[in-house]
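Chemist: sequence? don't have it. structure:
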């Protein structure tokens, strides 16, 4: 089992940047495929990006491709989300998620077994 805690959210102007962190506690962090999802008010939680166990494979939603970068440091049990060129439509609660699935990455919310509590990102226009 793994516990996930996100941090780094906040208020930023359009065009700005933020870096989110997700710290994992528990054993064998490197065994988990990690993902980031987000949920805006009144909308369903949506996939943002995912990274394989080693960090060699990543996949992004079209809406963030070229602007967001996911990375992980298995020695620090942490996954990161670097968000650049932020837009007001990126405003949401961002969630970190983990799964022990066998594939290199997963994009469906139902594929993930463990979730953090979320961190708010607000982008003003």
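Modeler: Sure, I can see it. What you are looking at is a predicted structure, and each value in this text was computed from that prediction instead of being measured.
Chemist: Find the centremost residue of this structure, please.
Modeler: What sits nearest the mean C-alpha location of the chain, by Cα atoms, centre = their mean, is residue 36, with 2.3 Å.
Chemist: List the contacts of it.
Modeler: 20, 22, 48, 49, 50, 70, 79, 81, 94, 95, 96, 97 (Cβ atoms under 8 Å, 6 or more residues apart in numbering). C-beta here means a position set from N, CA and C on the backbone, and glycine is covered the same way.
Chemist: pLDDT score assigned to it?
Modeler: Reported pLDDT at residue 36 in the predicted model: 98.
Chemist: Residue 108 now?
Modeler: Residue 108 is assigned a predicted lDDT (pLDDT) of 97.
Chemist: what about the residue nearest to the residue nearest to the centre of the chain when sequence neighbours are not counted, which helix or strand?
Modeler: Leaving aside its chain neighbours, residue 36 sits nearest to residue 48 (4.3 Å; criterion: Cβ to Cβ, 6 or more residues apart in numbering). Taking DSSP states H and E as the criterion, residue 48 maps to strand 46-51.
Chemist: Cool, thanks, talk later.
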